[in-house]
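Student: Here is a sequence with its predicted model. Questions after.
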Amino acid sequence: MAADLTPKQQPRKKDNVIRLVVTSDAKESIQPALWFFNQDKMLPEIVYELCDKFQIRDPENYAIKWEDTGMYVTEKNRSQLKDAAVLCVTLSPASKVTKMMQQIQKGSTSGSSSDRVDALRTMKTDAKDKTYATHLVKQNGHEVLMRLVADSRANSEPTSMKWALGALSELLIHDIVPLADVPDSFIKIIVTLISTHSYKSDPEPTSPVCSALRIAKMLVRSHPNGYTFLRAVNIQSLINHIDSPHPVFRERGLGLVNALLAVSPSLTDRETLFQSLESNSIGSSLTFVVREESVPVADLAHELYLFQYFYFNRLQLRLQQSLTKADRDNLIALPRLLPQFQEDAIGRVDRPQQMATELDRMRRLGFSNPSAPEEDFRAPHALVALDVMAAFASEETAEFTNSVLGQLNRPEAYTFPFVRMSLAITELLLKLLHVGQAPSTTEESYMMMFFGNCAKAFRTLFAACVVIATKTWQAMDAMQADFDKVLLVLQKQLSTVLTLPPAQQPVSDDAFKTLVLNKFSYANILQADLDRFAQREKSMLKSEAVERVRRVMEDEARAVVRARQLRVLCDGDAFENPRRSKKKGDARLYLMLAPNHKSLHWEELAERASHVPIAKLTNSCLVTSIRMAYFGNDVPSFSSKQKGGELALAFLADGFEDPIEFVCSSPYQFAVWADGLRSLLEKPVEEEATLGEISRLVNLDLKLRLLELYDADLPTALPVPPPPPADLNFYYEVSSESIS
């Protein structure tokens, strides 16, 4: 038996014990209490203990649920309990269903609608829990609710019908009730409600119409006669529900439209439904929805995506057709779009010269086989391309003239291939818009500009893409051989913009073109690729595997730089002598390292000399006899001044009282000789120029090696070594099969 525990009595918390608060709605006098919920105990045992604590009789009729969500705690979801949760001891699902059913029956018998309405309102709230819904179905609650809907409608009891429909919609969503068993008479009631009732009479999400829309969507998809009955819904009334200011009405109204489109028996039936929707101005309604709902809820965003998907998939009808006489006429008319040779007012040619033959016209427009133009239109998507090309040329005359015909005054090798590019753009758009593919069940992205002009959405998008393609072709200074490169850039431009979140998408074709040509132009894409490559290269250079290689390569680079510096020392050089006497005037010190790197030789010369043989250098010392080396202002001649000796060097060897001092003529010469001396004395190099050279060599070598690993994922850590074997008795078993 559980009891209240003071802090001193509280047991030590274990991993399987959760500290939470428990209350109960069984009695008004019950106060919340701290409870240690042991996950190792069965739920009935815990419920019995809680009922005993709160002195609640008949514990078998009680269960526990979350106070905030109202969901019952079951064996399946008890693992979701966390510390500080608040639970409530309440009637079990079966007991509560029985109580509500009795209350509904009592209200129907006595004629008291208030009892029935209270029970239905409670049932609607509780039916969101699948555990409760399961027990409600076991007691045939769904049948009772359907009868109540019919009776309430017949008896003009809108309040009862409202809550009965609401409870039924919450119940059916769990997919527990076989929707195929729903009677046709109930479906007709749903159709009548949607067709004759306006959201204005009850604009709340709990209204009968809102619940009816939700139920209708489920029936269309799962009932054998659902499409047949619900196709009779008044389309104008359905669109009026989408016009509602409440997002739930919009989502459920559009959800029913999408459900009807999804289960249409054929593409022809779907096209008929689309024509009915267009004649009732669904495009205007959806334009208002997407502009008002700048960041729509997830369910509404998914329905908008589905409608866009079904709308563009209307093109499947065209994809299944073959070339007709009307199509051949459009094909023949394409070359005649080219203007004749003309001169402007000042006599300058600004149009392509007149084509000599029809084949020239075909070739200039971008036909791959001018003598047989129909061959370019054998692919399934070609007829869609032909339609939008003809519409672009005839309806968007200004854009067509400026973007396409304006390219024809360039040399033929640089001419924009309108036909070939149009075919490629059409195929690309069909792919990006998932035409012919199954719709996603979770996608929430859609095109803002699509809802601005549904009727001509694909044509408008195609025309904008052609304009973008001509600009990109010009920016890349492309030739016919560069067609695939231009198409790759165009694909990146379109896929980037079409996948932007709705709030960032352009709302019109002009805004679409402006966004692509400004923010996603060829120059910007090229720079973004370079930045991405540099960032990837930078991250690769920081990986542990590369760092290990870098350390080995640094040793190699140091050896290379050391060898080069010592070669410079072996070549010898003349330096300013800070200790020269006034008699010798401009005398300089010539210093040279012996080829075997064992001795240094020098001589003070009265005349400038570019090279002096080592035999003429009378002074020398062994490298091993050098006791001290001085650098910069530490050179004795400059140490007292602490300035002017930045390029000075000196070394003191055994047998010499004074150090040999010399001043370099440039920082680079100083770096070479300073680190050369350090190398001879087996000291690490310190000059920035030398360290920078080593770093450049290592990075260059690494980049050359990493080019071979482009797009490969480098390991970020060393592989884990396998565990040691059980023993070290290694042997090889020779079988008779291996001998034979």
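Tutor: Looks like it arrived, so ask away.
Student: hey, where'd the helices end up in the stretch 601-740 of the chain?
Tutor: Secondary structure of the stretch 601-740 of the chain (DSSP state H, counting those that start in this stretch): helices at 636-639, 667-680, 688-707, 736-739.
Student: Go through those helices and pick out the most buried.
Tutor: Of all these, helix 667-680 has the most neighbours on average by mean count of other CB atoms under 10 Å, namely a mean of 20. Just so you know, the C-beta spots here come from the backbone N, C-alpha and C atoms, and that holds for glycine as well.
Student: how much distance is there from it to the middle of the chain?
Tutor: Helix 667-680 has its C-alpha centroid displaced from the chain centroid by 53 Å (CA atoms, centre = their mean, to the nearest Å).
Student: List the contacts of that helix.
Tutor: Contacts with helix 667-680, where a contact means CB atoms under 8 Å, 6 or more residues apart in numbering, come from 562, 565-566, 568-569, 573, 593, 597, 623, 626, 629, 631, 646-647, 649, 651, 664, 684-690.
Student: which residue packs closest to the most centrally placed residue in the chain, ignoring adjacent ones?
Tutor: Centroid-nearest residue in the chain, with CA atoms, centre = their mean: residue 499, separated by 8.3 Å. Distances taken as CB to CB, 6 or more residues apart in numbering place residue 445 nearest to residue 499, at 6.3 Å, with adjacent residues excluded.
Student: ok, how many other residues are close to the one you found?
Tutor: Neighbourhood size, residue 445 [other CB atoms under 10 Å]: 16.
Student: got it, and residue 212?
Tutor: Neighbours of residue 212 (other CB under 10 Å): 27.
Student: thinking it is in contact with residue 195, fair?
Tutor: No. The pair residue 212 / residue 195 is not scored as a contact, 9.9 Å apart, by CB atoms under 8 Å.
Student: give the contact list for residue 309.
Tutor: Neighbours of residue 309 in contact, by CB under 8 Å, 6+ apart: 433-434, 439.
Student: so where's the stretch 601-740 of the chain shaky on pLDDT?
Tutor: Applying pLDDT under 70 to the stretch 601-740 of the chain flags residues 642-644, 708-717, 736-740.
Student: How about the stretch 301-450 of the chain?
Tutor: 336-358.
Student: where do the helices sit along it?
Tutor: Applying DSSP H, counting those that start in this stretch to the stretch 301-450 of the chain gives helices spanning 316-319, 325-333, 358-365, 382-395, 397-403, 418-432.
Student: nearest to residue 117, of these?
Tutor: Proximity to residue 117 (CB to CB) singles out helix 316-319 among these, at 48.7 Å.
Student: for the closest one, packing partners?
Tutor: Under the contact criterion of 3 or more CB pairs under 8 Å, 6 or more residues apart in numbering; DSSP states H and E, helix 316-319 touches helix 267-279, helix 382-395.
Student: Turn the ones you listed into JSON lines, columns for mean neighbour count and distance to residue 38.
Tutor: Putting these into JSON lines (neighbours: other CB atoms under 10 Å; distance: least, CB to CB, whole Å) gives the following:
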{"stretch": "helix 267-279", "mean neighbour count": "15", "distance to residue 38": "57"}
{"stretch": "helix 382-395", "mean neighbour count": "21", "distance to residue 38": "66"}
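Student: Does residue 20 touch residue 83 like I think?
Tutor: Yes. With contact defined as CB under 8 Å, residue 20 and residue 83 form a contacting pair (6.7 Å).
Student: Between the two, which has more neighbouring residues?
Tutor: residue 20 (16 against 10).
Student: Surely that one is in a strand?
Tutor: Yes. According to DSSP: H, G, I helix; E, B strand; the rest coil, residue 20 belongs to a strand.
Student: where along this structure do the strands fall?
Tutor: Here the chain has its strands, by DSSP state E, at 17-24, 33-38, 62-66, 86-91, 573-576, 588-593, 599-605, 619-622, 626-631, 648-653, 660-663.
Student: quick one, what contacts the spatially closest residue to residue 410 that is not a sequence neighbour?
Tutor: Here the nearest residue to residue 410 in space, its sequence neighbours aside, is residue 416; by CB to CB, 6+ apart that works out to 7.9 Å. By CB under 8 Å, 6+ apart, the contact set of residue 416 is 366, 404, 407-408, 410, 469-470, 473-474.
Student: and the gap between residue 416 and residue 480?
Tutor: 10 Å (CB to CB, to the nearest Å).
Student: one step back: make TSV out of the strands of the chain and add distance to residue 137.
Tutor: Formatted as TSV, the strands of the chain follow (distance: least, CB to CB, whole Å):
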stretch	distance to residue 137
strand 17-24	27
strand 33-38	29
strand 62-66	18
strand 86-91	18
strand 573-576	99
strand 588-593	98
strand 599-605	101
strand 619-622	103
strand 626-631	92
strand 648-653	96
strand 660-663	100
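Student: for these, which one sits closest to residue 386?
Tutor: In terms of CB to CB, the element of the strands of the chain nearest to residue 386 is strand 62-66, at 60.5 Å.
Student: For the closest one, name the packing helices and strands.
Tutor: In terms of contacts (3+ CB pairs under 8 Å, 6+ apart), strand 62-66 is packed against helix 43-53, strand 86-91.
Student: How many neighbouring residues does residue 134 have?
Tutor: Burial of residue 134 is recorded as 15 neighbouring residues (other CB under 10 Å).
Student: Quick check: the gap between the nearest residue to it once chain neighbours are set aside and residue 133.
Tutor: Closest residue in space to residue 134, ignoring its immediate chain neighbours: residue 176 at 6.0 Å, by CB to CB, 6+ apart. The gap separating residue 176 from residue 133 is 6 Å, by CB to CB.
Student: which one of the two has more residues nearby?
Tutor: residue 133 (26 against 14).
Student: contacting residues around that one?
Tutor: With CB under 8 Å, 6+ apart, residue 133 has these contacts: 127, 170-171, 174, 176.
Student: Buried among those? Make that a PyMOL selection.
Tutor: In PyMOL, this line selects whichever of the contacts of residue 133 come out buried by 16 or more other CB atoms under 10 Å:
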select buried, resi 127+170+171+174
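Student: which one's the longest helix in this protein?
Tutor: Under DSSP state H, the helix in the chain containing the largest number of residues is helix 544-571.
Student: Tell me which other helices or strands that helix touches.
Tutor: On a contact count with 3+ CB pairs under 8 Å, 6+ apart, helix 544-571 meets strand 588-593, helix 667-680, helix 688-707.
Student: switch the cut-off to 10 Å
Tutor: On a contact count with 3 or more CB pairs under 10 Å, 6 or more residues apart in numbering; DSSP states H and E, helix 544-571 meets helix 522-541, strand 588-593, helix 667-680, helix 688-707.
Student: hmm, which of the contacts of helix 667-680 are the buried ones?
Tutor: For those, a burial check counting by 16+ other CB under 10 Å picks out 562, 565-566, 569, 573, 593, 623, 626, 629, 631, 647, 649, 651, 664, 685, 687, 690.
Student: want to try JSON lines for the helices of the stretch 601-740 of the chain, with distance to residue 606 as columns?
Tutor: As requested, the helices of the stretch 601-740 of the chain are exported to JSON lines (distance: least, CB to CB, whole Å):
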{"stretch": "helix 636-639", "distance to residue 606": "20"}
{"stretch": "helix 667-680", "distance to residue 606": "22"}
{"stretch": "helix 688-707", "distance to residue 606": "32"}
{"stretch": "helix 736-739", "distance to residue 606": "87"}
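Student: got the contact list for residue 414?
Tutor: Residues counted as contacts of residue 414 (CB atoms under 10 Å, 6 or more residues apart in numbering) are 407, 473-474, 477-480, 482.
Student: Surely the residue nearest to residue 499 and residue 301 touch.
Tutor: Yes. Taking CB atoms under 10 Å as the definition, residue 445 is a contact partner of residue 301 at 7.6 Å.
Student: Need the residues touching each of those two.
Tutor: Common neighbours of residue 445 and residue 301, using CB under 10 Å, 6+ apart, are 501-502.
Student: are any of the contacts of residue 416 buried, and which?
Tutor: Neighbour counting with 16+ other CB under 10 Å marks 366, 404, 407-408, 469-470, 473-474 as buried within these.
Student: Endpoints of stretch 23-39, how far apart?
Tutor: For stretch 23-39, the first-to-last residue distance is 19 Å (CA to CA, to the nearest Å).
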